[in-house]
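[1] When you get a sec, could you give me coordinates for this:
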Amino acid sequence: MSKIIDKIVELFKWPLAIYMLVSLPACIQFFGSYPYDFKNFTDTAVIAGFIFFFFCRTMMDSNMRQSMEVVAHELTHTVFALLTMHKIKSIRVNPDDSGGAMAFEGEGNWLIIIAPYFFPLFGFFAMVGISIYLNFAPYSIVLGGIVGFFIGYHLDTVGSQIHDKQTDLPKVSYKFCVMFLPAANLMAIESMIIFNRWGWTGISYYFSSLNDKTWLNLRIAYNFVMSVL
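    Numbers count the residues shown, from 1 in each chain. The predicted model follows:
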């Protein structure tokens, strides 16, 4: 089963990279069109949580921070390996916090390799936890702070992992990374912002609106090129 899924995932690699590239302008436009509302503190809480993360980062021991990044990295590989039906053989974190590794049965696919560089695993778990909490208690600005905290964590983690010595990125090609990762990370962050205000339903609407805006941008670009020609 995993072989079939791997082949299907591979078929979507470059079409998805192209879509992410053309969606990047719409992702950037989102920040200008988002209805910021600081009066009810929903957005203020996210910003406060974001700032609080970087305050905590300066206070955190570098070895502990590195260990958390390695654990999150390998766990994200693991989650996407499981989602594509691969049996996990081992997960290892180096004693000196220099890195780690996980092994699974089968060849794998690009999604498993690239997942830690765009998917906010801890942030996703936090969102699931918040959803469960809201079934029993009302919304609190602390929840917005938690979302903001993990937005900061995601940005910091991804930023520290993307460098010329990273072994994962060449496996999927740098060209693919340049096309895919900017929009993928913006989508992840924007989804968390939307979740804080409107929950999972809001995320669904966000992606629908993003898709509409992308196609509108393409039509505008096409009409501009045709007018010039």
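
[2] drop to CA atoms for contacts and neighbour counts, all remaining ones
    Noted.

[3] Hmm, Ala17 is touching Met179, no?
    Yes - counting by C-alpha atoms under 8 Å, Ala17 touches Met179, with 5.4 Å between them.

[4] Secondary structure class of Gly108, three-state.
    When classified by DSSP: H, G, I helix; E, B strand; the rest coil, Gly108 comes out as coil.

[5] Hmm, it is touching Ile5, no?
    No - checked against C-alpha under 8 Å, the pair Gly108 and Ile5 is beyond contact range at 9.2 Å.

[6] Quick check on the two: which one has the bigger neighbour count.
    Gly108 (22 against 16; other C-alpha atoms under 10 Å).

[7] In terms of helices and strands, where is the most centrally placed residue in the chain?
    Residue closest to the average C-alpha location in the chain (C-alpha atoms, centre = their mean): Phe119, at 3.1 Å. Counting by DSSP states H and E, no helix or strand carries Phe119.

[8] got the contact list for it?
    76, 185, 188 (C-alpha atoms under 8 Å, 6 or more residues apart in numbering).

[9] Inside helices: which ones of these?
    76, 185, 188 (DSSP state H).

[10] Of those, which is the nearest to Leu155?
    Asn185 (8.4 Å; C-alpha to C-alpha).

[11] Can you get me a residue count around the closest one?
    19.

[12] if you skip the residues just before and after it, what's nearest to it?
    Nearest-residue entry for Asn185: Phe118, 4.9 Å, with adjacent residues in sequence omitted and distances by C-alpha to C-alpha, 6 or more residues apart in numbering.

[13] What does the pLDDT read for that neighbour?
    With respect to pLDDT, Phe118 has a value of 96.

[14] and what of Gly99?
    For Gly99, pLDDT reads 67.

[15] Quick one: residues contacting Arg197.
    Applying C-alpha under 8 Å, 6+ apart, the residues near Arg197 are 42-43.

[16] doesn't it fall inside a helix?
    Yes - applying three-state DSSP, one finds Arg197 inside a helix.
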